[in-house]
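K.L.:
Need a 3D model of the sequence below.
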Amino acid sequence: MQRGAGVRVGQYDYIIVGAGSAGCVLANRLSEDEGAQVLLLEAGGADRHPWLHIPLGLGRMHKSRMFDWGYDSEPEPALNGRRIEAMRGKVLGGSSSINVMAFTRGDPADYDRWARNGATGWSYADVLPWFKRCEAFEDGESEYRGGRGPIGVEWAKTRDPLFTAWLDAARSAGYPVIHDYNAQTHEGFGRSQYSIRNGMRCSASVAYLRPALKRPNLHVVTHAHVLRILTKNTRATGIEYECKGERREAFADSEVIVAAGAFNSPQILMLSGIGPHAQLQKSGIKVLADLPVGRNLHDHVAVLIMYARRDAGPFRDAMRLDRMSLAMLQAWLTGTGAATVVPGGLHAFIRTRPELAVQDIEFMFRGAPPHAHLWLPPFNRAYADGFGIRPTLLHGQSRGEVRLSPGHPMMHPEIVFNLLTARGDIEILREGFRRAREVAHQKPLDPFRGAETSPGDKVQSDAEIDAWIRKTCVTAHHPAGTCRMGTGEDCVLDPQLRVRGIENLRVVDASAMPDQVSAHINATVIMIAEKAADLIRKAPIRAAKEPARAVAPA
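P.N.:
Now for the predicted structure:
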């Protein structure tokens, strides 16, 4: 797909590499200026498939790895040499088109830490206006929430009584239950919020790109694989890319903006001579700027505890083939019905030690077992129902890297997470595991909870739990930090997201994050792109007066 005509061939004001969450935001905001010609390049295709829009379509997409780059990590040294699946979206909207749609901002202290450690201008008071600008929250605008933005955000719609029991179990175990974890209080158990509008996934493509496609100054090219950034001396002048078997060049009068994600953005920079000197020399690439590109990779690490369910829940009933077929059609035509409801209802953010500045464990909740499938008697039986809790390490100290492939630089990059290699990470995740199990065994869950099916109640000692974690843990698909912003020598970008030592070049995506936030990262990436658009346009930036922070209710 290529849109737009009537401009000099290959000449633009802004070139944006990657039409994921950040790229779609930038394409919309920068093309608001009618005098600016904007080129947006995406390696994947258009987002027309129904599964990209119907919320329950995510199960099929994940199982078959549709619209995905197909990345896996290198063998992980602390995880028994396992390769860890590293799914990233390859389609308009990027990972916002295939993720689980959780909309979480993180704790205000996360952003204050960023600013304190060198990312000036990124404190919570600084970023709150852009969080508010991006969203249309179901409950409307408030001191903390936006009500008129492009991204629709709604409460979980599941009516499964299991999730009410989880909240009662949390109270029984002594944890706070909060109303809105994206407002003044982040710590505690809260009803989930999803980027869904009118029953359909509200990806960055749907929310930002589609409304902008009618503008004649926005040009979108899909199936465009960027090969390198073109430079003159130390100035970025454009990009070289491949599309339909042809090599093409495009030039930018103002800026080249790389928004290809935590794996692909560092790869593109390194292919362009921007990265670690030794690695570039090894790949035969002339060094333009010796920067720690690809370093500082980190992700959230999760492990799953599963229980049999005493009686089948409403999701299993909905998964009967005839019912779900009708539900998918109903969702596509009307945006209503069972296929528009994600089978999850809660998120929880807790501290394992009271002195911590932010939460270090998240609990994610499964309302269905991993083996859930369509069923229809007498052809196949309904699956044995179950539910789970997934303790997730939010601020591990392990760091990995993204490297160029030694065989051929244009191949998939090498991804090394180094998960659980830092001292103390597995101890924190183990504590999260024990606390998750403690909540699961509270009395309010007795009517629902059958036997623990994974890992099973025989796994009790520290050594047994650690072995289970190393054997089964995965990432939460929140890679970040590989082109971190800040002021130190270990930073690739300055706080305005400009590549150090290179003119007219920025990186705007999760790779710019200095470290992880205490949440899923899509909302943060959208906020970063909203702020970046104003930095690029040199719009006036005013920090919001920071609201008072309430204490979480008991």
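
K.L.:
what does the lowest-mean-pLDDT helix or strand in the chain contact?
P.N.:
In the chain, the helix or strand scored least confidently by mean pLDDT, DSSP states H and E is helix 58-64, which has a mean of 89. Residues outside helix 58-64 that contact it (Cβ atoms under 8 Å, 6 or more residues apart in numbering) are 51-52, 66-68, 87, 98-101, 372. No exception for glycine: its C-beta is placed from N, CA and C like everyone else's.

K.L.:
Ok, stretch 366-384 next?
P.N.:
Residues contacting stretch 366-384 (Cβ under 8 Å, 6+ apart): 59, 158, 160, 162-163, 304, 306, 308, 312-313, 315-316, 319-322, 324, 343-345, 385-390, 453.

K.L.:
Please point out which parts of that stretch sit buried.
P.N.:
For stretch 366-384, a neighbour-count test (16 or more other Cβ atoms under 10 Å) marks 366-369, 372, 374, 382-383 as buried.

K.L.:
Reformat those residues as a markdown table; add pLDDT.
P.N.:
Below are these laid out as a markdown table (pLDDT from 0 to 100):
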| residue | pLDDT |
| --- | --- |
| 366 | 94 |
| 367 | 94 |
| 368 | 94 |
| 369 | 94 |
| 372 | 94 |
| 374 | 95 |
| 382 | 96 |
| 383 | 96 |
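
K.L.:
Tell me the one among these nearest to residue 141.
P.N.:
residue 367 (30.4 Å; Cβ to Cβ).

K.L.:
Quick check: the gap between the closest residue in space to that closest one that isn't next to it in sequence and residue 331.
P.N.:
Using Cβ to Cβ, 6 or more residues apart in numbering and skipping residues adjacent in sequence, the residue nearest residue 367 is residue 343, 3.9 Å away. According to Cβ to Cβ, to the nearest Å, residue 343 and residue 331 sit 14 Å apart.

K.L.:
Residue 277 against residue 289, yeah?
P.N.:
No. Counting by Cβ atoms under 8 Å, residue 289 is not a contact partner of residue 277; they are 9.4 Å apart.

K.L.:
between those two, which one's more packed in?
P.N.:
When residue 277 and residue 289 are compared for neighbours, residue 289 comes out ahead with 20 against 11, by other Cβ atoms under 10 Å.

K.L.:
okay, stretch 520-538 in CSV with CA atoms only?
P.N.:
Provided in CSV are the C-alpha atoms of stretch 520-538 (Å, rounded to 0.1, in the frame of the first residue of the first chain):
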residue,chain,number,x,y,z
HIS,A,520,2.7,-3.0,30.7
ILE,A,521,4.5,-0.6,28.4
ASN,A,522,2.2,0.2,25.5
ALA,A,523,0.6,3.3,27.2
THR,A,524,4.1,4.5,28.1
VAL,A,525,5.3,4.2,24.5
ILE,A,526,2.3,6.1,23.2
MET,A,527,2.9,8.8,25.8
ILE,A,528,6.6,9.0,24.7
ALA,A,529,5.5,9.5,21.1
GLU,A,530,3.0,12.1,21.9
LYS,A,531,5.6,14.1,23.8
ALA,A,532,8.2,13.5,21.1
ALA,A,533,5.9,14.9,18.4
ASP,A,534,5.8,18.2,20.4
LEU,A,535,9.5,18.1,20.8
ILE,A,536,10.0,17.7,17.1
ARG,A,537,7.5,20.4,16.3
LYS,A,538,8.9,22.6,19.0
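
K.L.:
check contacts around residue 323.
P.N.:
317, 338.

K.L.:
Would you check how far apart the residue of the chain most remote from its centre and residue 66 are?
P.N.:
For the chain, the C-alpha farthest from the mean C-alpha position belongs to residue 378; by Cα atoms, centre = their mean, that distance is 40.2 Å. Applying Cβ to Cβ, the value for residue 378 to residue 66 is 30 Å.

K.L.:
So residue 99 sits against residue 89, correct?
P.N.:
Yes. Taking contacts as Cβ under 8 Å, residue 99 lies within contact range of residue 89: 7.5 Å.

K.L.:
Settle it for me: which of the two has more neighbours?
P.N.:
Taking neighbours as other Cβ under 10 Å, residue 99 and residue 89 compare with residue 89 leading, 28 against 24.

K.L.:
I'd guessed that one sits against residue 95; true?
P.N.:
Yes. Using Cβ under 8 Å, residue 89 makes contact with residue 95 at a distance of 3.9 Å.

K.L.:
Walk me through which strands the one helix or strand residue 40 maps to pairs with, and which way each runs.
P.N.:
Residue 40 belongs to strand 38-41 when assigned by DSSP states H and E. Sheet neighbours of strand 38-41, with direction, are listed as strand 11-17 (parallel), strand 218-221 (parallel) (DSSP bridges).

K.L.:
any idea which of those is most buried?
P.N.:
Comparing the strands paired with strand 38-41 by mean neighbour count (mean count of other Cβ atoms under 10 Å), strand 11-17 comes out on top with a mean of 24.

K.L.:
residues in contact with it?
P.N.:
In contact with strand 11-17 (Cβ under 8 Å, 6+ apart) are residues 23, 26-27, 30, 36-41, 219, 226, 238-239, 250-260, 265, 268, 536.

K.L.:
Among the residues you listed, the buried ones, what's the ChimeraX command?
P.N.:
Command for ChimeraX that selects the buried part of the contacts of strand 11-17, burial taken from 16+ other Cβ under 10 Å:
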select :23,26,27,30,36,37,38,39,40,41,219,226,238,239,250,251,252,254,255,256,257,258,259,260,265,268,536
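
K.L.:
mind showing which ranges of this structure have poor pLDDT?
P.N.:
1-9, 409, 539-554 (pLDDT under 70).

K.L.:
Recalculate using a threshold of 90.
P.N.:
Low-confidence segments of the chain (pLDDT under 90): 1-10, 59-60, 63-64, 184, 244-245, 343-344, 406-411, 423, 538-554.

K.L.:
Mind jotting down where the helices sit in it?
P.N.:
21-30, 58-64, 108-116, 124-134, 161-172, 204, 210-212, 261-271, 277-282, 314-318, 321-334, 425-440, 462-472, 522-537 (DSSP state H).
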